[in-house]
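A.B. asks: My questions are about this predicted structure, shown below with the sequence.
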Amino acid sequence: MSVALTLPTLSSRTHCPYCAFQCGVIMDNEGESEAMRVTGDPHFPVNNGQLCIKGWTSSALIRHPRRLTTPLMRDASGQLSPTSWDEALDFIAEKMIAIRDQYGADANGVFGSGALTNEKTYLLGKFARLALGTANIDYNGRYCMSSAAGGANRAFGIDRGMPFPVSDIEKAEAILLVGGNVADTLPPIMQWFMRQKQRGGKFMVVDPRKTMTAREADLHLPIVPGSDLALANGLLYIAIEENLIDRPYIDTRTNGFDAVRQVVLNYSPSMVERITGIGENMMRRVVRWLAQASSAMILTARGAEQHSKGVDTVTAWINLALALGKVGKPASGFGTLTGQGNGQGGREHGQKADQLPGYRLIEVDAHREAVAKVWGVDPASLPRKGKSAFELLDALGPTGGIRSLFVMGSNVAVASPHASRIGERLRSLDLLVVCDAFQNETSTHAHVVLPVYQWAEEEGTLTNLEGRVIHRRPVAYPPRNVRSDLDIMRELADRLGHGEKFAFHSPAEVFEEFRRATAGGVADYSGITYARLDREDGVFWPCPSEDHPGTPRLFQDRFQHADGRAKMTAVEHRAAGEEPDDAYPLWFTTGRYKEHYNSGAQTRFVDRLDKLKPSAKLTIHPQLAKRHGIVNGSRVTVESRRGRAEFVAEVDASIRVDTLFAPFHYGGTQCANVLTGTALDPISRMPEFKVSAVRIVNVRPGA
Ligand code: SF4
């Protein structure tokens, strides 16, 4: 008989369910029948009381009529029908055991999410390695942060997205933001950029579109999609030529500059202008503003990172920040703006194919020993590195060999590149289990759907884009027959014969073991307690002991490589996995609306957001639109080598004339990821979401 976790005491302060800004929110808990009211927490020092429209409307999810409230299982007719927890869990465990016995442990796959709390991230990694014994676990953060992580680890020896608090932004004299539309994706962060501008700072934005963020910039660089790396090398060329680099800093704090110098001296302004579309005068202005400012930041986001050369692109921007001597100085440095709610913690604690808790690596013997000791197992029993997210999904079914998939908090059918192929793979599974609060495009393929607590109902920790660990507090009780993901893992582990390793009855109990498992790792959380998080409004990792103050700023004295120096690596521009040609002559790039979050699996259930943005619009330049007879509201079919999607046209001069844009929040015929390709970064295995080659194949009048 299953036993759910004990219900916690409710609070009124918690954090938004969505993005990595993790705004503090205050919920009033007025009664079962009324919708809860949500306001920004004025005392949380990251959002200072501000929220975006997703945050204001987030309480609509809590008592939502379409909330999943009972386990569902396919019946004899193939329909998903209500069932009991015991029946569902018994069925899953029996199938997993049968698959393991017939095809081997790696035939059971696990897929996690950057939205999971640290406690769930940690336990999911442990569940995969111990209870299932499979190497094949990865998560959707691979689609989000892996290139930023690869670049930062290579250069700094550590990957913390922003190595300084968000409040440093307002003090920077110059900021270059590359490939991020934060005014739409995390609007409350704009308060820090606006204050920076009010203090006289320069704000520059690199983006193929004149986004809401680019409109606020002193300088907008409308770059050709996929050419950010060439631009970064070109800017470094100018910095060297104009003697604007910081030679003493390079000599004392970095390695590798000479090799970088040799490569970037091939990136003359005229050559870079041909690749990027950015004029020489503009490039020189950017370099001078950055170099001559006493404090300057370079920040990247998905526009620069979601490429088959994402790690090298991040590396090129870090090279520039290091050569200008900015990293580790006050209100200066390089940072990357994490996307998902726990995009930072989610990539540190073991749900990634190559990773163990504390940002340890599964292929390093000392790391395996440290974690195995906490888990009380033989290090040799831990599986080795498994497949990365797209490769794992592409290996589903009889051909690839992964026969079951256990999905926690990820809508892979919409979020993955070449989405139609991933849909086929999901349908070919012997067992697909989805744990979620609402039905989505992935769970419709499932054999079993397990209804779980959602954000407002659960306790746990998340790590925001600054590296600040925060405490998510429960503000509402879940529906009666819904379970915590932690509870599900305990119940399944028990049925798989490993119950003693998963006997946790609260998130706090998981957190205590998690702290021990991170001790001594790069991402050391061992000094963090729930009480500290409440008292201090979050604690920045690393925090190796309870009397350690945490680490808001990294790199002031040293980098994390053994010799304390940053490592510069020479990188070259190269073509995207697929470039426009005669058959598919246009660039296609994807992004977000301010009204929706990722695959839309939550926000499409919020009436107000759905009314504001019910469908995907295709942004197209007026000149290109005219050539195709497209006007505002036309229905346009766009085709790549992988499939077709249909959008409603939005004619807008904010985009380059050779580029189309659509959001990736929608499924079905509007699924932008049906068009995106399967090229992967060789280091991070990041898919190339930001550039595909497409053509317009059909135009019909609007409805
Ligand atoms: S979605 Fe992000 S920016 Fe908007 S309220 Fe939530 S945490 Fe804040």
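C.D. replies: Received the coordinates, thanks.

A.B. asks: And Tyr597, its phi and psi?
C.D. replies: When read as degrees, to the nearest 10, the backbone of Tyr597 gives phi -120, psi 120.

A.B. asks: What are the contacting residues of the host helix or strand of Val287?
C.D. replies: For Val287, the host element (DSSP states H and E) is helix 280-292. With CB atoms under 8 Å, 6 or more residues apart in numbering as the test, helix 280-292 has contacts from 174, 176, 202, 204, 219, 221, 231, 234-235, 238-239, 242, 244-245, 269-270, 272-273, 296, 298, 320, 324, 326. Where you see a C-beta, it was placed from the backbone N, CA and C, and this is true even at glycine.

A.B. asks: Let's see that with 7 Å instead.
C.D. replies: The contact list for helix 280-292 (CB atoms under 7 Å, 6 or more residues apart in numbering) reads 174, 176, 202, 204, 219, 221, 234-235, 238-239, 242, 244, 269-270, 272-273, 296, 324.

A.B. asks: Among those, name the ones in helices.
C.D. replies: Members of the contacts of helix 280-292 lying in helices (criterion: DSSP state H): 234-235, 238-239, 269-270, 272-273.

A.B. asks: Tell me how many other residues surround the closest residue to Gly55 other than its chain neighbours.
C.D. replies: Spatial nearest neighbour of Gly55, excluding adjacent residues (CB to CB, 6 or more residues apart in numbering): Cys16 at 4.4 Å. Neighbour count of Cys16, defined by other CB atoms under 10 Å: 27.

A.B. asks: got it, and Asp258?
C.D. replies: Counted with other CB under 10 Å, the neighbours of Asp258 add up to 10.

A.B. asks: nearest residue to the closest residue to the ligand within the stretch 401-550 of the chain other than its sequence neighbours?
C.D. replies: Per CB to the nearest ligand atom, Asn464 is where the stretch 401-550 of the chain lies closest to the ligand, at 8.5 Å. Excluding its sequence neighbours, the residue lying closest to Asn464 (CB to CB, 6+ apart) is Gln22, at 4.1 Å.

A.B. asks: So the one you found versus the ligand, what's the distance?
C.D. replies: Going from Gln22 to the ligand by CB to the nearest ligand atom, to the nearest Å gives 5 Å.

A.B. asks: One more: Ala88?
C.D. replies: Distance from Ala88 to the ligand, counting by CB to the nearest ligand atom: 32 Å.

A.B. asks: swap in Pro663?
C.D. replies: With CB to the nearest ligand atom as the criterion, Pro663 and the ligand are 15 Å apart.

A.B. asks: which bits of the stretch 551-700 of the chain sit near the ligand?
C.D. replies: For the stretch 551-700 of the chain, the contact set with the ligand under CB under 6 Å from any ligand atom is empty.

A.B. asks: what's near enough to touch the residue in the stretch 551-700 of the chain that the ligand sits nearest to?
C.D. replies: At 6.3 Å from the ligand, Tyr597 is the closest residue in the stretch 551-700 of the chain, using CB to the nearest ligand atom. By CB under 7 Å, 6+ apart, the contact list for Tyr597 reads 18-19, 54, 603.

A.B. asks: which of those tops the neighbour count?
C.D. replies: Result: Cys19 is most packed of the contacts of Tyr597 (other CB under 10 Å), 28 neighbours.

A.B. asks: Gly341 is in contact with that one, correct?
C.D. replies: Yes - taking CB atoms under 7 Å as the definition, Cys19 is a contact partner of Gly341 at 6.1 Å.

A.B. asks: Which stretches in the stretch 501-650 of the chain count as helices?
C.D. replies: Per DSSP state H, counting those that start in this stretch, the stretch 501-650 of the chain has helices spanning 507-518, 530-536, 607-612, 622-627. These are given in chain order.

A.B. asks: mean confidence for the second one?
C.D. replies: If I follow you right, that is helix 530-536. The average of the pLDDT scores along helix 530-536 is 96.

A.B. asks: and it, which residues are buried?
C.D. replies: For helix 530-536, the neighbour count (16 or more other CB atoms under 10 Å) marks 530, 532-533 as buried.

A.B. asks: again with the third one
C.D. replies: Of the residues in helix 607-612, those buried by neighbour count under the rule 16+ other CB under 10 Å are 609-610.

A.B. asks: Could I get the CA-only coordinates of it as PDB?
C.D. replies: Output of helix 607-612 as PDB, limited to C-alpha atoms (Å, rounded to 0.1, in the frame of the first residue of the first chain):
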ATOM      1  CA  ASP A 607      -6.800  31.400 -19.600                       C
ATOM      2  CA  ARG A 608      -5.400  34.900 -19.600                       C
ATOM      3  CA  LEU A 609      -2.200  33.900 -21.300                       C
ATOM      4  CA  ASP A 610      -3.900  31.700 -23.800                       C
ATOM      5  CA  LYS A 611      -6.200  34.500 -24.800                       C
ATOM      6  CA  LEU A 612      -3.300  36.900 -25.200                       C
END
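
A.B. asks: Show the backbone phi and psi for the spatially most central residue of the chain.
C.D. replies: Nearest to the geometric centre of the chain sits Cys144, at 3.5 Å (CA atoms, centre = their mean). Torsion angles at Cys144 (phi, psi; degrees, to the nearest 10) stand at phi -120, psi -60.

A.B. asks: where does it land on pLDDT?
C.D. replies: For Cys144, the model assigns a pLDDT of 86.

A.B. asks: That one touches Asn342, doesn't it?
C.D. replies: No - between Cys144 and Asn342 there is no contact under CB under 7 Å: 10.8 Å.

A.B. asks: Quickly list what's touching both of these two.
C.D. replies: Gly114.

A.B. asks: Look at whatever residue of the chain ends up closest to the ligand and tell me its secondary structure.
C.D. replies: Using CB to the nearest ligand atom, Gly55 is the residue of the chain that sits closest to the ligand, at 2.4 Å. Three-state call for Gly55 (DSSP: H, G, I helix; E, B strand; the rest coil): helix.

A.B. asks: okay but it is in contact with Val25, surely?
C.D. replies: Yes - Gly55 lies in contact with Val25 (CB under 7 Å); the separation is 6.3 Å.

A.B. asks: buried set for the longest helix along the chain?
C.D. replies: Identified as the longest helix of the chain according to DSSP H is helix 85-103. Within helix 85-103, the residues that count as buried by 16+ other CB under 10 Å are 85, 88-89, 91-93, 95-96, 99-100, 103.

A.B. asks: and it, what other elements does it pack with?
C.D. replies: Counting contacts by 3 or more CB pairs under 7 Å, 6 or more residues apart in numbering; DSSP states H and E, helix 85-103 is packed against strand 72-74, strand 108-112, strand 404-408, strand 431-436, strand 448-451, helix 485-495.

A.B. asks: hey, C-alpha coordinates of the helix or strand of the chain with the lowest mean pLDDT in CSV?
C.D. replies: Ranked by mean pLDDT, DSSP states H and E, the helix or strand of the chain with the weakest confidence is helix 302-305, at a mean of 89. Extracted in CSV, the C-alpha atoms of helix 302-305 (Å, rounded to 0.1, in the frame of the first residue of the first chain):
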residue,chain,number,x,y,z
ARG,A,302,20.2,31.0,-25.8
GLY,A,303,20.5,33.0,-29.0
ALA,A,304,24.3,32.6,-28.8
GLU,A,305,24.3,29.1,-27.2
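
A.B. asks: centre of the chain versus it, how much separation?
C.D. replies: 11 Å (CA atoms, centre = their mean, to the nearest Å).
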